[in-house]
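Q: Here is the input, now give the coordinates:
(one chain, ligands or ions: 1)
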Amino acid sequence: MSQITHDRLLIIDFGSQVTQLIARRLRELNVYCEIHPYQRVTDAFLQEMAPRAIIFSGGPDSVMREGSPRPPQAAYDLGVPILGICYGQQVMMQDLGGRVEAGEHATAEFGRAYVTATGVESDLLTGWFDDGTREQVWMSHGDHVSEIAPGFEVLGTSPGAPFAITADRARRFYAVQFHPEVHHTPNGARLYENFVRLAGFTGDWTMGAYREEAIAKIRAQVGDRRVICGLSGGVDSSVAAVLIHEAIGDQLTCVFVDHGLLRQNEAEEVVTMFRDHYNIPLIHADESDLFLGELYGVSDPETKRKIIGRLFIDVFQKHANAIEGAEFLAQGTLYPDVIESVSFSGGPSVTIKSHHNVGGLPEKMGLRLVEPLRELFKDEVRALGRKLGLPQSFIGRHPFPGPGLAIRCPGEITREKLAILRRADAVFIDQIRRHGLYDEIWQAFVAILPVRTVGVMGDGRTYDFACALRAVTSVDGMTADYYPFSHDFLGETATRIINEVKGINRVTYDITSKPPGTIEWE
Ligand code: XMP
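A: Residues are numbered from 1 along each chain as shown. Okay, the predicted model is just below:
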């Protein structure tokens, strides 16, 4: 559990795919919340966390099954408001004396549904039934509540869920059959807002407050000792570095490993910003000769990745060792990396995702970790970055993979190909920015293909490289779709690349989605 001093809301996770979205909705309301798997929520845990309210998430199990996930009785005895969602509703009803029936085809409900008001008033529903009677919601349930628990009233019903919204006003227990956290419940955020208001949250979880607290925590943890931070040029490590520097000044040294596989001007931009603008002590480890030397003649994608990963650790360690008296390693670990999520494959179990940007290094070097972003989601990190004065152009940058241009250069990597690739990539990104499309696209880049093709330019014949443009929309990089550029945009971009980049005479656009493709070419 974190050391956060704000009012806290506890989300008990019963394994829903969308539990993280509940947390997102609450954070947007400036409410501090934590997700914990149900197995972990014991009486002692509740005492220690002392949440101001609790939410029971949805989940894939059936409350009819012996041994299915439950909250502890103590959750009901705390005297704080509870909101149960889907499986969370069914569990609450069964625990408190209602009845749940197993799903049959006729009563299962998946997808869009409409909930109608029963006319019973509740603080939970302020501003909810927009036209006074009906709201669109997203249902996804097999089982359903067939009898509500004593003390509850029905506030809303749907054809498949007669007890779609229920409430026990005296105890401030609320339970809904649908999922207010998903996009397809358009007014869902309103339910969460009403719930946290009636629970007494003041919305004190702001980035300004977080910044002050984080700084105090870093100072308390580090004292007068030294910290090393591996800077990649990405948003997370940059925000972590600036925040830590604000806390402890020159006790922080950043190490920026330049593997020679960065984009055009990228190394200069990182060095200028951190060393010159923020005055952060920065070691720019230009190791491109080493990396490109070891990669010479290697064309297998996995071998490339392994070489880069191994060298990265060696180089980082070499430079970090030179920093005298360093006891801490800073990492830009985010909340989604540390959430223990309930996994139902092969029965309830807890998967702890661990995340080490510099794989195993802290243990190897005997360093302790400083992870000031552990409580934050990605867009909160961006908000914090803005507060710390990082430019928007930097904060809104598309993700860039650790192995860099190596995986955008299928086949052998040569300095010549990298130089061509950098120029073509810069033109493509410039085109995207000029047309105002950068923020609509999740990731965009050029891959230089291991083929030469014949062309004509002026009166001469050319025999140059072909390249592929890649631009995708995505939420998390797990699935992606190609971006639907106009033909004019594509034509203009191809012309610019061929005119401005010597060495490329053919441009293609990759319209593969993921799956079956991947975003990168290797
Ligand atoms: P794929 O190509 O797997 O990429 O669809 C999904 C996302 O992950 C990034 N990516 C990597 N990031 N090391 C990284 O740090 C890697 O080896 C790597 N491979 C892919 C990719 O850029 C995209 O954002």
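
Q: Test my guess that residue 378 contacts residue 334.
A: Yes. Residue 378 lies in contact with residue 334 (Cβ atoms under 8 Å); the separation is 6.2 Å. C-beta coordinates here come from the backbone N, C-alpha and C atoms, glycine included.

Q: quick one, which of these two is more surrounded?
A: residue 334 (20 against 15; other Cβ atoms under 10 Å).

Q: Isn't that one up against residue 372?
A: No. If you go by Cβ under 8 Å, residue 334 and residue 372 don't touch, sitting 10.7 Å apart.

Q: what's the overlap in contacts for the two?
A: Here residue 334 and residue 372 share no contacting residue, scored by Cβ atoms under 8 Å, 6 or more residues apart in numbering.

Q: For the stretch 201-350 of the chain, which residues score under the pLDDT cut-off?
A: Low-confidence segments of the stretch 201-350 of the chain, defined by pLDDT under 70: 340-350.

Q: can we see that at 90?
A: 209, 232-233, 276, 320, 333-350 (pLDDT under 90).

Q: What residues does it have near the ligand?
A: Contact residues (Cβ under 6 Å from any ligand atom) of the stretch 201-350 of the chain with the ligand: residue 305.

Q: Where do the helices of the stretch 201-350 of the chain begin and end?
A: 207-222, 235-248, 266-271, 288-295, 301-321, 335-338 (DSSP state H, counting those that start in this stretch).

Q: distance from the centroid: which residue in this protein tops it?
A: Residue farthest from the centre of the chain, counting by Cα atoms, centre = their mean, is residue 459 at 51.6 Å.

Q: how close does that one get to the ligand?
A: From residue 459 over to the ligand the distance is 41 Å, taken as Cβ to the nearest ligand atom, to the nearest Å.

Q: List the residues that contact the most centrally placed residue in the chain.
A: When Cα atoms, centre = their mean is applied to the chain, the residue found nearest the centroid is residue 378 (4.9 Å). Taking Cβ under 8 Å, 6+ apart as the contact definition, residue 378 lies against 235, 334, 336.

Q: Kindly report the same for residue 468.
A: The contact partners of residue 468, by Cβ under 8 Å, 6+ apart, come to 446-447, 449, 507-510, 521.

Q: Tell me the spacing between residue 370 and residue 220.
A: Distance, residue 370 to residue 220, using Cβ to Cβ, to the nearest Å: 11 Å.

Q: Ignore what I typed, I meant residue 181.
A: 35 Å.

Q: When those two are compared, which one has more neighbours?
A: residue 181 (25 against 10).

Q: Report the spatially nearest residue to that one, omitting neighbours in sequence.
A: residue 21 (4.1 Å; Cβ to Cβ, 6 or more residues apart in numbering).

Q: Report the secondary structure element holding the one you found.
A: helix 19-28 (DSSP states H and E).

Q: Now that helix: average pLDDT?
A: In this model, helix 19-28 has a mean pLDDT of 91.

Q: hey, C-alpha coordinates of that helix in PDB?
A: Coordinates of each C-alpha in helix 19-28 appear next as PDB, following Å, rounded to 0.1, in the frame of the first residue of the first chain:
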ATOM      1  CA  THR A  19     -11.200  -2.600 -13.500                       C
ATOM      2  CA  GLN A  20      -8.400  -0.200 -14.500                       C
ATOM      3  CA  LEU A  21     -11.000   2.000 -16.200                       C
ATOM      4  CA  ILE A  22     -12.800   2.500 -12.800                       C
ATOM      5  CA  ALA A  23      -9.600   3.800 -11.500                       C
ATOM      6  CA  ARG A  24      -9.200   6.100 -14.500                       C
ATOM      7  CA  ARG A  25     -12.700   7.500 -14.000                       C
ATOM      8  CA  LEU A  26     -12.000   8.200 -10.300                       C
ATOM      9  CA  ARG A  27      -8.600   9.800 -10.900                       C
ATOM     10  CA  GLU A  28     -10.300  12.100 -13.400                       C
END
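
Q: moving C-terminal of that helix, what's the next helix or strand?
A: For helix 19-28, the following helix or strand on the C-terminal side (DSSP H and E) is strand 32-37.

Q: chain center to that following strand: distance?
A: Here strand 32-37 is found 15 Å from its chain centre; the criterion is Cα atoms, centre = their mean, to the nearest Å.

Q: Neighbouring strands - and their directions - for it?
A: Sheet pairing for strand 32-37, assigned by DSSP bridges, gives strand 8-13 (parallel).

Q: Quick check: of the contacts of residue 378, which lies closest to residue 147?
A: Minimum distance to residue 147 across the contacts of residue 378 is 38.1 Å, recorded for residue 336 (Cβ to Cβ).

Q: Would you mind confirming that that closest one is in contact with residue 20?
A: Yes. Under the criterion of Cβ under 8 Å, residue 336 makes contact with residue 20 at 6.8 Å.

Q: the more surrounded of these two?
A: Remark: of residue 336 and residue 20, residue 20 carries more neighbours, 19 against 16, as counted by other Cβ under 10 Å.
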